[in-house]
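1. one predicted model, sequence on top.
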Amino acid sequence: MERVGGFLFKWRNYLFPALMVLLATVCRPARAAGPGREVLIDALGIGLILGGASLRAAVIGCVRISSAGRRRQVFADQLILVGLFRHCRNPLYLGNLLILFGLLVLGNHPGLYLTGLAAFALAYSCIIAAEEAYLSARFGAEYRDYCRRVPRWLPRVRGVRSTLTELRFNGWRVVAKESSPALVCVAAIVTILVCKVVSGPPLPCEVAALAARGCTSKEIAAQLHLSIRTVDNHLQNAYAKLGVSRRNDLSDALGTL
């Protein structure tokens, strides 16, 4: 695991974007069934992204750190025990995962949720294993004591406000270090939203699900911004795929899938 983590650390700036592109190609971003649900999903995704970006900004703005290692290898010349590192051993990686999960939520595809989250969580676990092995060997008892006091992932919330207020925030450092990642993130958001817009109207099964709940064609058309004729065409396609001939049978047919 440590060897894999070292490899991923070295090439993460290339492998992670490539993995995102691969996931988005295999699991195409899709719109939710209904504008209300679509707005909720987009808001949740963007909220996670902003939360992750804010966490990274708070870490970088309060403490001068280098996350690039040396010659793309894991390296540290000192332990960082101040700022948000007093509450979480990997706050930058936690911010990254929040951003990545937000992008997966925006994509709104079960394959993205399952495969993407598992892949990135495993990748960061390997990287952290490599870093922890290096830090333990370099700093010994001091680092092991730090690991006993501070959680690896979930931050210890108590005292976060005082931690942030006692350190001077350097906004220019955040701009210098985060401007390029921010542009990449914005480009990813725009790409996902464009893919969802051009993905076409909801599939017949999504229209059928609403009809099975008792919605009329007019109500479905209003929810999904379709014409009534388009809704009826989708229903006919759904009838053919499900082997039914009327709305009353949709609920039982969908329940068996």
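-> Okay, I see it. Residues are numbered from 1 along each chain as shown.
2. let me know the pLDDT of the residue most central in space within the chain.
-> Closest residue to the average C-alpha location of the chain: Phe101 at 1.1 Å, with CA atoms, centre = their mean. Per-residue confidence (pLDDT) for Phe101: 93.
3. what's the answer for Phe85, then?
-> Value for Phe85, per-residue pLDDT: 93.
4. begin at 59, not 1, for the rest of this chat.
-> Understood, numbering begins at 59; the last thing we discussed is Phe143.
5. run a quick neighbour tally on Asp307.
-> Close neighbours of Asp307, defined as other CB atoms under 10 Å, add up to 14. (C-beta placed from N, C-alpha, C; glycine too.)
6. what do you get for Arg114?
-> Neighbours of Arg114 using other CB under 10 Å come to 25.
7. which stretches of this structure have low pLDDT?
-> Scanning the chain with the threshold set as pLDDT under 70 gives 90-93, 124-127, 129, 257-261, 263, 283, 313-315.
8. okay, domains of it per the record?
-> 60-255, 262-313 (automatic domain parsing).
9. quick one: the host helix or strand of the residue nearest to the centre of the chain to chain centroid distance?
-> Assigned by DSSP states H and E, Phe159 falls within helix 149-165. A distance of 3 Å separates the centroid of the chain from that of helix 149-165, by CA atoms, centre = their mean, to the nearest Å.
10. can you check stretch 105-119 too?
-> Here stretch 105-119 is found 13 Å from its chain centre; the criterion is CA atoms, centre = their mean.
11. how about that stretch: buried residues?
-> Buried residues in stretch 105-119, counted by 16 or more other CB atoms under 10 Å: Leu106, Ile107, Gly109, Gly110, Ala111, Leu113, Arg114, Ala115, Ala116, Val117, Ile118, Gly119.
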